[in-house]
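Chemist: Sequence and predicted structure are below.
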Amino acid sequence: MSKLIAMDEAAARVADGSTVAVGGLLMNGAPMEFCRALARRGARDLTVVAIVAGPSVDWLVAAGCVRRAIVGLVSMEGFGLAPHFRRAAERGEIEVEEWSEHTIICGLQAAAARLPFMPTKAGLGTDMPGLHPDRTEVVEHEAGAYLACGPIRPDVAAVHVHEADVHGNCRVLPKLVWMDSELVKAADAVIATTERVVPERTFRAAPERTTYPGFAVDAVVEAPLGAYPTSLFPWHGYDGAFITEYLAACRDPEAFGGFWRDRVLAPEDGPAMVDANGGAATLLRIREAGTQS
Amino acid sequence: MSKLIAMDEAAARVADGSTVAVGGLLMNGAPMEFCRALARRGARDLTVVAIVAGPSVDWLVAAGCVRRAIVGLVSMEGFGLAPHFRRAAERGEIEVEEWSEHTIICGLQAAAARLPFMPTKAGLGTDMPGLHPDRTEVVEHEAGAYLACGPIRPDVAAVHVHEADVHGNCRVLPKLVWMDSELVKAADAVIATTERVVPERTFRAAPERTTYPGFAVDAVVEAPLGAYPTSLFPWHGYDGAFITEYLAACRDPEAFGGFWRDRVLAPEDGPAMVDANGGAATLLRIREAGTQS
Amino acid sequence: MSADYGIDELMVAALAREMPNDTRAFNGAASFMPVCAFLLARETHAPDLVWVASSIAVDPTPPRIPESTLSDALWDGASMLHSSAFDFWWYAQNGRLNTFCFRGAQIDPYGNVNNTVIGPYATPKVRLPGGGGMADLSCQVPRVYLWSTTHTPRVFVETLDFRSGMGWGDGPGHRERLGLQGGPRLVVTNLCVMDFPEETRRMRLRSVHPGVTVEQVQEATGFEVTVDGDVPVTAEPTPDEVEIIRRIDPTDMRKRELAGG
Amino acid sequence: MSADYGIDELMVAALAREMPNDTRAFNGAASFMPVCAFLLARETHAPDLVWVASSIAVDPTPPRIPESTLSDALWDGASMLHSSAFDFWWYAQNGRLNTFCFRGAQIDPYGNVNNTVIGPYATPKVRLPGGGGMADLSCQVPRVYLWSTTHTPRVFVETLDFRSGMGWGDGPGHRERLGLQGGPRLVVTNLCVMDFPEETRRMRLRSVHPGVTVEQVQEATGFEVTVDGDVPVTAEPTPDEVEIIRRIDPTDMRKRELAGG
């Protein structure tokens, strides 16, 4: 009963109009090939949940997949604002439901625990709770105020990992998941894209290093270089040169179409994506950027 | 600025009348030498917090240290009831504030997060919330009922670990902490008793294996065999033969005084405790019982 | 009862057969019969059954069952070790894990369980261990199985001295009102198998073990057990099942639970 | 300003000096100046300072600051790597960690911060990245330090377009009413250092950088800055401090923050 599926099938499991959570944090560890597959399949009207996002959400917006974004932050970190996210928000083409890192986590946890809300001190006194009064409420409890964060329950969550087996066991190296574990807990269906598929015995040989148990993962997709151009520590850093070119292309609507087609959308997998963006030299450059091992 | 202190000093940091949390689970991984040190110092009127306890709480009760026990369960697992805990409860010599595993964790988390409560579905419909109406409340929320668990904030928590350094960095092997991590988060002061003190470089050589960061731990006590007679997987199992003899002694009030003095209270440290209870043969027996490594 | 198997093996087999292939179970302390049942089911009709040993180690292949169901000797060959119960609770709450087995000092007709006190709470006749995870798991895990090796009127009582664990509560609709999924499915005792029909959620006799009569069950029960028509006899464990159980648990840890009777 | 140091070094030194030895800090994205300040303080007056790099790696000793303050190149030599932000949040909430530094597109006199939108939320003139962890950390971390390399009336405004992060809120007593500990301590800009006196919790000039006048600060600020008597000049970084900063950050990542000005 293998859980291994093709990337296209993974993308097909995200129905138009559904809520999909994507992992990673800013320029790091995002399931980018999965996002490209959603873009290729022309997914529509998605509510995307991303705690702290970068190119992942920008590309889903660029491809017209997104109706609503539940996010804490979307940017290209030191490289600038996320251009498509920004433009679509300013033009009212997407609804941005801004929460914050911790309050999104609370919402995800409320969903995972089947609770009406999770409380937190985060966000008190800010304008953020007022953006979604149907989902968050400031409560003046006699023992102290709290923000009640209602459930955020994704239909599907996609996370990228280093190693997985056909049963869904997943390992992230050395152990840092950013905040992906919260998505895995909360989503009704979990898709893990993985750098490599390994035998089950890899997990049984070092069970303390397993990150997600097989029973928490519904589908596994082999996706080498599947986080590119974001980083996958400790194996590679993000591709800053690519991001710089991407942002330049975004400033030139005429150039952008070709860039988007040839260098983002068309490559059928991670290796092809890297080949379309410098090939081996790019690999060497980003491997140097991921220095810790 | 070393955090290394002697066991007597650790016991002295628990003031009479204060709330002390002890780690471990049933017959496993409890800070037993710390409990013996509390017994020796004659601590009084303690509120002890122990999620799922065995000999730890039974000994603190036997020594007359306990006024109130906040517990999910206290027993000697397959060996029988915890005799002193049971007798003191039946005679009304201690107050037993029974919660449950998950609700105690919720209470500890409410304390750690400085929140008025943490919600859970656990305990709904049972008699447990009615035991502490000042601290737990069943709330009929429009989106579903929940149990609001008020804060449980220990003054001191004691946990036993495999390795620690003078800065308070701690490592548990391979990674299982039972529920001790919840005590570490919630307590105002954290005491880690450790099988061995290792150099800081041990942690820096494999930082992904550090269990508690130094900044979360206030004092470190070197305590080899400090969990005996409970287990410390994967290094040793619990000493079932000792527990059997202990329970037999508890049934004979005349014999118990000598047993308690010579075989529990007097031995000044873990090795002495093992020597008073069979020495090398005991070590071999319990090492065999802890089979996984 | 035939000499080819013991009541322990009958109970383990009866429990195992009720575990479907999508069972994702975990166990706590002193749970030899459930652990035997999970392993038996995994070796027979439910190859995809997930079992988290001691609520810590996922799908291990222990050579034998050790003297504690919390022992690390149970974790050999696991595909994952969890770090703490807190990590683990999420899977109990979100339905990724769905099965747990309880015992209790008292069990009422609705499958509510007491493991806290005999007598009044403040001045108990017997102070029992406490509910432990009962209050938690009985509310959060959709499929609960009860077992008891001591089917007597002292254990099966109309009214508990204390409700440590939630079964069907006060009857139909109680769990639903509180937003609790599932509920107890089955009770396997040393005399019979019982379930909880939707209309009443009170225990109903589903089968009596070989050699046991309906009258004997009723006499051993402190409340009226529902009997719907003819009550079949519990299927005996097959020779294969008995062999597997004895291989899984060669030192008869499961029989320890009988001693308490 | 002397040629022996840059404004970046002055700012880093000013920030570092305000970090006492019991500082237990962590950093987020794009935080070059705070990271330089934590490392400088640790090398000088605050040897016991705790710094959790990227909110993940405890007390690392990176050979240099890489091009992202979330990069694993910052984690060399750490004594602990956390697994997820969720593990980590507990320490931010329970006070074991006590220090964080923010910037923002807009900052108001109470130290509230906007990083969400310029203009109305639904139809923004500029959609900014979003608050990220601001709403969380500003409420939960007792010691917040603000920094800005762009001290202009567009950044320092009387009224925010959106309050992403909580400073002293609407003034004295607001945090206390909500049960929030601490609050912003200091603002270090390219022109001056400001604090928040208890009576008003509005920004007060504590020192002006060498060569900057009180009038220049006031002109560059979109609200009235409190001035109490004579305003001293911010101490220049010592040659030792400058040397340490340049060793910590040999590729001048900290200067990137000036480019946005």
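Modeler: Everything's here; your move.
Chemist: Could you pull up the residues touching residue A:271?
Modeler: Contact partners of residue A:271, counting by Cβ atoms under 8 Å, 6 or more residues apart in numbering or on different chains, are A:224, A:225. Yep, even glycine has a C-beta here, placed from its N, CA and C like the rest.
Chemist: Can you verify it is assigned to a helix?
Modeler: Yes: membership of residue A:271 in a helix is supported by DSSP: H, G, I helix; E, B strand; the rest coil.
Chemist: Show me the contact partners of stretch C:195-212.
Modeler: C:1-2, C:7, C:10, C:14, C:109-111, C:156, C:167-168, C:171-172, C:183-187, C:190-194, C:214, C:216-217, C:221, C:223, C:225-228, C:231-236.
Chemist: rounded to a whole number, what's the mean pLDDT of it?
Modeler: For stretch C:195-212, mean pLDDT rounds to 98.
Chemist: Between the two ends of it, how far is it?
Modeler: 17 Å (Cα to Cα, to the nearest Å).
Chemist: Generate a PyMOL selection restricted to the buried entries among the contacts of stretch C:195-212.
Modeler: Entered in PyMOL, the line below selects the buried ones among the contacts of stretch C:195-212, by 16 or more other Cβ atoms under 10 Å in any protein chain shown:
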select buried, chain C and resi 7+10+14+109+110+111+156+167+168+172+183+184+185+186+187+190+191+192+193+194+217+221+223+225+226+231+234+236
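Chemist: Please list the members of the contacts of stretch C:195-212 that lie in strands.
Modeler: C:183, C:184, C:185, C:186, C:187, C:192, C:193, C:194 (DSSP state E).
Chemist: What distance do you get for the second one to chain D?
Modeler: Same thing as residue C:184. Per Cβ to the nearest Cβ, to the nearest Å, residue C:184 is found 33 Å from chain D.
Chemist: what about the strands in chain A?
Modeler: A:19-22, A:46-53, A:66-74, A:95-98, A:118-120, A:136-141, A:144-149, A:156-164, A:170-171, A:189-197, A:219-222.
Chemist: how about the nearest residue to the residue in the stretch 151-293 of chain A that chain C sits nearest to, chain neighbours excluded?
Modeler: At 3.6 Å from chain C, residue A:210 is the closest residue in the stretch 151-293 of chain A, using Cβ to the nearest Cβ. For residue A:210, ignoring the flanking residues on the chain, the nearest one in space by Cβ to Cβ, 6 or more residues apart in numbering or on different chains is residue C:80 at 3.6 Å.
Chemist: ditto for residue C:60
Modeler: That would be residue C:78: by Cβ to Cβ, 6+ apart, it lies 4.0 Å from residue C:60.
Chemist: got a list of what that neighbour touches?
Modeler: Residues counted as contacts of residue C:78 (Cβ under 8 Å, 6+ apart) are A:204, A:207, C:53, C:57, C:58, C:59, C:60.
Chemist: Could you confirm it falls within a strand?
Modeler: No: counting by three-state DSSP, residue C:78 is not part of a strand but coil.
Chemist: tell me the phi and psi of it?
Modeler: Backbone torsions of residue C:78, given as degrees, to the nearest 10, read phi -60, psi 150.
Chemist: and the gap between it and residue C:61?
Modeler: 8 Å (Cβ to Cβ, to the nearest Å).
Chemist: List the buried residues of stretch A:197-212.
Modeler: Applying 16+ other Cβ under 10 Å to stretch A:197-212 flags A:197, A:198, A:202, A:203, A:204, A:207, A:208, A:209, A:210, A:211, A:212 as buried.
Chemist: Name whatever forms a beta bridge with the closest residue to residue C:175 other than its chain neighbours.
Modeler: Leaving out its chain neighbours, the residue that sits closest to residue C:175 by Cβ to Cβ, 6+ apart is residue C:183, at 5.3 Å. Bridge pairing for residue C:183 (DSSP bridges) gives the partners residue C:143.
Chemist: From what I see, residue C:183 and residue C:174 are in contact.
Modeler: No: with contact defined as Cβ atoms under 8 Å, residue C:183 does not reach residue C:174; the gap is 9.1 Å.
Chemist: Mind listing the shared neighbours of those two?
Modeler: residue C:168.
Chemist: Quick one: end-to-end distance for stretch C:169-177.
Modeler: End-to-end for stretch C:169-177, by Cα to Cα: 10 Å.
Chemist: What parts of the stretch 151-261 of chain C come near chain A?
Modeler: Residues of the stretch 151-261 of chain C lying close to chain A by Cβ under 8 Å from any Cβ of the partner chain are C:179, C:181.
Chemist: before we move on, back to that, what's the residue nearest to residue C:175 in contact with, if anything?
Modeler: Per Cβ under 8 Å, 6+ apart, neighbours of residue C:183: C:111, C:142, C:144, C:167, C:168, C:175, C:196, C:201.
Chemist: Pull the most distant pair out of those.
Modeler: C:142 and C:201 (15.1 Å; Cβ to Cβ).
Chemist: neighbour-wise, which of the two wins?
Modeler: Neighbour comparison, residue C:142 and residue C:201: the larger count goes to residue C:201, with 23 against 15 (by other Cβ atoms under 10 Å in any protein chain shown).
Chemist: Let me have the strands of chain A in TSV, adding mean pLDDT and distance to chain B as columns.
Modeler: Output for the strands of chain A, formatted as TSV (pLDDT from 0 to 100; distance: least, Cβ to the nearest Cβ, whole Å):
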stretch	mean pLDDT	distance to chain B
strand A:19-22	98	18
strand A:46-53	98	18
strand A:66-74	98	18
strand A:95-98	98	19
strand A:118-120	98	5
strand A:136-141	97	4
strand A:144-149	98	5
strand A:156-164	98	13
strand A:170-171	98	12
strand A:189-197	98	18
strand A:219-222	98	23
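Chemist: Tabulate these (TSV), appending distance to residue B:99.
Modeler: Supplementary listing: these in TSV, determined by distance: least, Cβ to Cβ, whole Å:
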stretch	distance to residue B:99
strand A:19-22	33
strand A:46-53	32
strand A:66-74	34
strand A:95-98	37
strand A:118-120	19
strand A:136-141	20
strand A:144-149	21
strand A:156-164	32
strand A:170-171	34
strand A:189-197	32
strand A:219-222	39
